[in-house]
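give me the fold of what follows.
(chains A and B)
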Amino acid sequence: MTEIPEHLRKRAEAAKAKAQAAAGGDTPAGDAPSADSPAGTAPAGDEKIPSHLLDRGTAAADMPATPAGVPAVPVGGSGPDGHNQRLLTVVKSGSIQDTRATPVDKVHVWPHLLVAEFLAALAVTLFTLLFSIFVNAPLLELADFNKTPNPSKAPWYFLGLQELLTMFHPMVAGVTIPGIGLFLLIMAPYIDKNPSKRPEDRKFAISLMTVHLMFWAVLVMIGSFFRGPGFNFVFPWNAGLFFEL
Amino acid sequence: MADDKKSGGMSQLSEQVQASQAWSSIFRPGSIFRKGYSDSPRNRSYVIMNSVLYHLHPVKVKRHAVKVSYTLCLGGLSFFLFIHLTVTGIFLMFFYRPTAAQAWNDIQTLQTAVGFGLLVRNMHRWAAHLMVLSVFLHMARVFYHGAYKPPREFNWVIGVMLLQFTLLLSFTGYLLPWDQLALWAVTVGTNMMGFTPVFGEQVRFVLLGGVEIGTDTLLRWYTLHVLMLPFVLVIFLAIHFWRVRKDGGISGPL
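Below you'll find the model as predicted:
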């Protein structure tokens, strides 16, 4: 039999004592039941549960808990006001109910989330506006097939690839490496079977990602700032900047 | 006195407007615009529930999910930058013709003769670079939080696709000004793609609309940039956002 939680048991005892006081001893409500109640219903010693209820309770507890329709309440044990109730067991939440959704602390999207989103959008708009007032987008001279600029550079996010071109065959640098990289990136959730999200449990995944991000960032930096005419290595503080956004 | 009368007229007018059929046909029953807004949990729910925002956000989210220090707003900002770029891009489309003979001159005219032309072009370009950056950072954030783990695996896949579409959008836009920077950056990029094994030549031909960059390339990349890629991106965005909610909101604390 399931253990009855302490607070429920106390509550049941209190209710029983109260009912007993109201029915058994014909005392007006508010009087102390222990003083005026008849000796037959008065509990022995300091027990709050009347002895006849206690007897009934122990008898019920001793009965085998058979599911096959055995009357749980002894015959003739009708309580006050015709009530005939007894705490049989307490079904703990989760034992038969499907309480998969544990209560979570939630807040209203309006205003808590929408205000934050609005402010962020406002800040970015302000930033692009101010930046655009002070810095112009580049517009070089008209495209000319006969005049190859030296160096010719791809957009900044492809400069890591262009940097790889200096080390590998174009098929490796331009197709194989980025292809494998993208494939692994897409497959990351299916490769990484570690269920934990805690950083201390995912040292390998985090270091692997960080190494690759850093590697990529360094390549982009070199391609952007440290490559001059002929895509040769230069220092920007000596040779100047060969970079347009 | 006069002021009093005026405000009385105004409130009468707004009452009339709010009682009209047109007004109640626009705002759904329960909308805060029908009966006025006072701050109550019920009205807070109605703001979302009875507006188009319900497509994007649920009425309530986990308290943890509104912490800016967790998301850094990066996903939302990427989406906002996409809207920003659409708005500025539509403005630019009014003044731009995608042919080799006209493109560069159109940009030049836009910058010098069109009101706010230079400013809007600047904003379009800087916002584009910013979007590449924010999408990239969003991906890094999601990785470091392990938010790609079950049940969000597939949304990560969608996200990587979105990153690629963002890069493609940026790259196709790069050619459109038809200046030296555009021409040669795209030459470098497409030469690289020409090294795709087996059908590299065909890939390059399809991308350029010919054997070398020209007016056909410009038209092709323009269509990709203003129509096809945004169209595909929006579909993937819709799936991305829908999955965020179906997978139980954004990932929990670490």
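
by mean pLDDT, flag the weakest helix or strand of chain A.
Ranked by mean pLDDT, DSSP states H and E, the weakest helix or strand in chain A is helix A:33-36, scoring a mean of 44.

following that one, which helix or strand comes up?
The C-terminal neighbour of helix A:33-36 among helices and strands, as given by DSSP states H and E, is helix A:51-62.

of all the residues in that following helix, which ones are buried?
Residues A:Leu53, A:Arg56, A:Ala60 are the ones in helix A:51-62 that count as buried (16 or more other Cβ atoms under 10 Å in any protein chain shown). No exception for glycine: its C-beta is placed from N, CA and C like everyone else's.

residues contacting residue 233?
Using chain A. Going by Cβ atoms under 8 Å, 6 or more residues apart in numbering or on different chains, A:Phe233 touches A:Ile222, A:Phe226, A:Arg227.

not quite, I wanted chain B
With contacts defined as Cβ under 8 Å, 6+ apart, B:Leu233 is in contact with B:Phe82, B:Leu162, B:Phe165, B:Thr166, B:Leu169.

10 Å instead, please
With contacts defined as Cβ atoms under 10 Å, 6 or more residues apart in numbering or on different chains, the neighbours of B:Leu233 are B:Phe82, B:Met161, B:Leu162, B:Gln164, B:Phe165, B:Thr166, B:Leu168, B:Leu169, B:His240.

show me which of the buried residues of helix A:51-62 is closest to B:Tyr37.
Nearest to B:Tyr37 among these, counting by Cβ to Cβ, is A:Leu53 at 57.8 Å.

just the pLDDT for A:Leu165.
With respect to pLDDT, A:Leu165 scores 88.

what is the burial count for it?
Taking other Cβ atoms under 10 Å in any protein chain shown as the neighbour definition, A:Leu165 ends up with a count of 19.

lowest-scoring secondary structure element of chain B by mean pLDDT?
helix B:2-19 (a mean of 77).

tabulate the contacts of A:Phe233 in JSON lines, adding columns for secondary structure, neighbour count and distance to B:His225.
Converted to JSON lines, the contacts of A:Phe233 look like this (DSSP: H, G, I helix; E, B strand; the rest coil; neighbours: other Cβ atoms under 10 Å in any protein chain shown; distance: Cβ to Cβ, whole Å):
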{"residue": "A:Ile222", "secondary structure": "helix", "neighbour count": "16", "distance to B:His225": "29"}
{"residue": "A:Phe226", "secondary structure": "coil", "neighbour count": "16", "distance to B:His225": "30"}
{"residue": "A:Arg227", "secondary structure": "strand", "neighbour count": "22", "distance to B:His225": "27"}
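
coming back round to it: minimum pLDDT in the buried residues of helix A:51-62, which residue is that?
Least confident entry in those, by pLDDT: A:Ala60, with 71.

I'd guessed it sits against A:Arg86; true?
Yes: here A:Ala60 lies in contact with A:Arg86, judged by Cβ atoms under 10 Å, at a distance of 6.6 Å.

ok, and of the contacts of B:Leu233, which contact chain A?
Restricting the contacts of B:Leu233 to those touching chain A (Cβ under 10 Å from any Cβ of the partner chain) yields B:Met161, B:Gln164, B:Thr166.
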